[in-house]
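A.B. asks: okay, predicted coordinates and the sequence, questions at the end:
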Amino acid sequence: MFALGGELAQPTMDQELYLRLAGTLLSGHGLSFGPEIGRLKAVNGGEGEVASSWASNPDYVFGLARTGTQTATVEPGYPAALALFFMLLGRTSGAVFLLNTLAQTAGAWAMFLLGERAGGRRTGLLAALGFAFYPYFIFYTATAMTEALHVAMIPVLALLTLRTLEDRRGGFAAGAAAGLLFLIRSTVLVLIPVQLFLFLRRRMLRQSLMLVAGFAVLTAPWVIRNAVEMGMPILLPTKGSVNLWMRNNPEALRMEGIEVPQAILSGVRHRELLEYPDESVYVGELARSAELSRRARAFMIANPGLVAWLSGQRLLSFLSPFPESGAGGLPTELVGLLVYLPISLLALAAALRRTAGTGTTVACAFFVAYLLVHTLAHGGLRYRLPVDTMLIYLAATAAGRGFRPA
């Protein structure tokens, strides 16, 4: 915050989007996009046939949501939290920094409690300090605003899951935390089956039911709102269909600097599935999103070779110590070599030796779940950040053992 002089980071990533959504909530217009966001997305959508097919119309955002109407394209949690802080403190950058700082403080405290459970206060302190001073967290929570809450909530969720496993109570709280994080970043949905598996493996049926109940209670208002405003009780944000469609579209990937080998491109079938749905046929956000999802799934099934190659690239990108193309440079590469690489190696050693006991199982399960889902959608450093917390936790348990007196 001090380094930025009180200003939000530039160039913008998703800040403008969430700030504007918070503004529409404050003004009583609900979760909707103003015309300025439509124009901004149209200008920043890029050039080329793929971009013009869905991002060039300023009346629509993401090619799905018509400006001035209610939308379910993005999760409501972060805009709602921003609106609350703006209502209390005014529409200032300080309100944004305070929200993110409180979230990061909660994350650091959860890391301390996780480490303390595994190896005492020294281990807890190592985990909390690792979280607080991890360079990538500091950078990305300033430039990509929702990452602050996403990164901070993963150790909270891991702590509540671990407590339920060890104390055989607290399933509702673990489910409610998952529901709250889902409203901020829907990716967390992949952790619900992980939590259920861990609970049921220990024959904790009651806690499994409480987990589902906690998740349902937190997400019910969002589903009910969608039933009323959108005409359908949908759970997942509709923009996920755009991500799935683009992340397996060679033309869209080329815009991001990802070149698919010609040997694989030559075998791509059913290219017509890469065409954006006709606006005159698929009218409305839900219809377009459903059709995009159908086309994306059909294209992936028809092209297993392409999907396998892309998944391999995303897997490597997810695990890499270096940021994705265009976001690097010598300083970030040094951070990867001097910070991330040692932490990941210590975490691997801790996982193999199970230095954190049941916490090892929870941390590894969370990390693997995110790794698997991001091999199909987004690879890269930014999308690994939330579960880097699990690597820091495991590394702290390994380092903590080295500090114990003989």
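C.D. replies: Yes, it's here. This structure is a prediction, so every number in the text was calculated from the model and none was measured. Residues are numbered from 1 along each chain as shown.

A.B. asks: please count neighbours and contacts with C-alpha atoms only from this point.
C.D. replies: Noted.

A.B. asks: pLDDT weak spots in this protein?
C.D. replies: By pLDDT under 70, the low-scoring segments of the chain are 1, 11-13, 38-56, 143-145, 324-330, 402-406.

A.B. asks: okay, strands next: where are they in it?
C.D. replies: Here the chain has its strands, by DSSP state E, at 60-61, 65-66.

A.B. asks: which of the ones you listed sits most buried?
C.D. replies: The highest average neighbour count among these, using mean count of other Cα atoms under 10 Å, belongs to strand 60-61 at a mean of 24.

A.B. asks: which helices and strands does it pack with?
C.D. replies: Contacts defined by 3 or more Cα pairs under 8 Å, 6 or more residues apart in numbering; DSSP states H and E place strand 60-61 against helix 35-44.

A.B. asks: contacting residues for Leu160?
C.D. replies: Gly170, Gly171, Ala173, Ala174 (Cα atoms under 8 Å, 6 or more residues apart in numbering).

A.B. asks: report the buried residues of the longest helix seen in the chain.
C.D. replies: Across the chain, the helix with the greatest residue count (assigned by DSSP state H) is helix 93-119. By neighbour count on 16 or more other Cα atoms under 10 Å, the buried set for helix 93-119 is 94-97, 99-101, 103-104, 106-119.

A.B. asks: and Pro58, its phi and psi?
C.D. replies: phi -70, psi -10 (degrees, to the nearest 10).

A.B. asks: relative to Ala22, how far out is it?
C.D. replies: According to Cα to Cα, to the nearest Å, Pro58 stands 20 Å off from Ala22.

A.B. asks: show me which of those two is the more surrounded one.
C.D. replies: Ala22 (26 against 20; other Cα atoms under 10 Å).

A.B. asks: that one and Glu36, how far apart?
C.D. replies: 14 Å.

A.B. asks: same deal with Arg314?
C.D. replies: 33 Å.

A.B. asks: same deal with Arg247?
C.D. replies: 26 Å.

A.B. asks: these two: which is more packed in?
C.D. replies: Taking neighbours as other Cα under 10 Å, Arg247 and Glu36 compare with Arg247 leading, 19 against 13.

A.B. asks: let me see the contact set for the more buried one.
C.D. replies: Counted by Cα under 8 Å, 6+ apart, Arg247 has contacts Leu253, Leu376, Ala377, His378.

A.B. asks: Leu209 now?
C.D. replies: Gly171.

A.B. asks: if we use 10 Å, what do you get?
C.D. replies: Gly171, Phe172, Gly175, Leu196, Phe199 (Cα atoms under 10 Å, 6 or more residues apart in numbering).

A.B. asks: closest one of the residues you listed to Ala216?
C.D. replies: Taking Cα to Cα as the measure, Ala216 sits nearest to Gly175 out of the contacts of Leu209, at 8.0 Å.

A.B. asks: so that closest one makes contact with Ala158?
C.D. replies: No. At 11.1 Å, Gly175 and Ala158 do not qualify as touching, with contact defined as Cα atoms under 10 Å.

A.B. asks: joint contacts of the two?
C.D. replies: Gln195.

A.B. asks: comparing the two, which residue is more hemmed in?
C.D. replies: Gly175 (29 against 26).

A.B. asks: gap between the more buried one and Leu189?
C.D. replies: Taking Cα to Cα, one finds Gly175 at 11 Å from Leu189.

A.B. asks: Ala148 too?
C.D. replies: Counting by Cα to Cα, the gap from Ala148 to Leu189 is 18 Å.

A.B. asks: quick check: closest non-adjacent residue to Val96.
C.D. replies: Leu82 (6.8 Å; Cα to Cα, 6 or more residues apart in numbering).

A.B. asks: do the same with His270
C.D. replies: Looking at His270 with Cα to Cα, 6+ apart, the closest residue is Phe299, at 6.7 Å.

A.B. asks: I figured that neighbour hits Pro250, correct?
C.D. replies: No. Counting by Cα under 10 Å, Phe299 stays clear of Pro250, with 11.3 Å between them.

A.B. asks: mutual contacts of those two, please.
C.D. replies: Val268, Arg271, Leu274, Leu306.

A.B. asks: those helices in the stretch 101-250 of the chain, which residues are they?
C.D. replies: With helices called from DSSP state H, counting those that start in this stretch, the stretch 101-250 of the chain shows them at 121-132, 135-143, 146-167, 171-184, 191-201, 205-229, 239-246, 250-255.

A.B. asks: identify the residues contacting the closest residue to Gly359 other than its chain neighbours.
C.D. replies: Distances taken as Cα to Cα, 6+ apart put Leu162 closest to Gly359, at 6.3 Å, once the chain neighbours are dropped. Contact analysis of Leu162 by Cα under 10 Å, 6+ apart lists 114, 117, 156, 168, 170, 174, 195, 198-199, 358-363.

A.B. asks: for those, which single residue is the most surrounded?
C.D. replies: Neighbour-wise, the contacts of Leu162 (other Cα under 10 Å) top out at Leu114, 32 neighbours.

A.B. asks: any idea how far Gly124 is from it?
C.D. replies: Counting by Cα to Cα - Leu114 and Gly124 are separated by 7 Å.

A.B. asks: Ser280 now?
C.D. replies: In terms of Cα to Cα, Ser280 sits 57 Å off from Gly124.

A.B. asks: quick one on the thing from earlier: now for Gly175 and Leu189: what residues contact both?
C.D. replies: Leu181, Phe215.

A.B. asks: quick check: closest non-adjacent residue to Ile264.
C.D. replies: Using Cα to Cα, 6+ apart, the nearest residue to Ile264 is Leu306, at 6.2 Å.

A.B. asks: please verify my assumption that the one you found contacts Pro261.
C.D. replies: Yes. With contact defined as Cα under 10 Å, Leu306 counts as touching Pro261 (9.4 Å).

A.B. asks: neighbour-wise, which of those two wins?
C.D. replies: Higher neighbour count among Leu306 and Pro261: Leu306, with 24 against 11, using other Cα under 10 Å.

A.B. asks: distance check, the more buried one against Pro250.
C.D. replies: Taking Cα to Cα, one finds Leu306 at 9 Å from Pro250.
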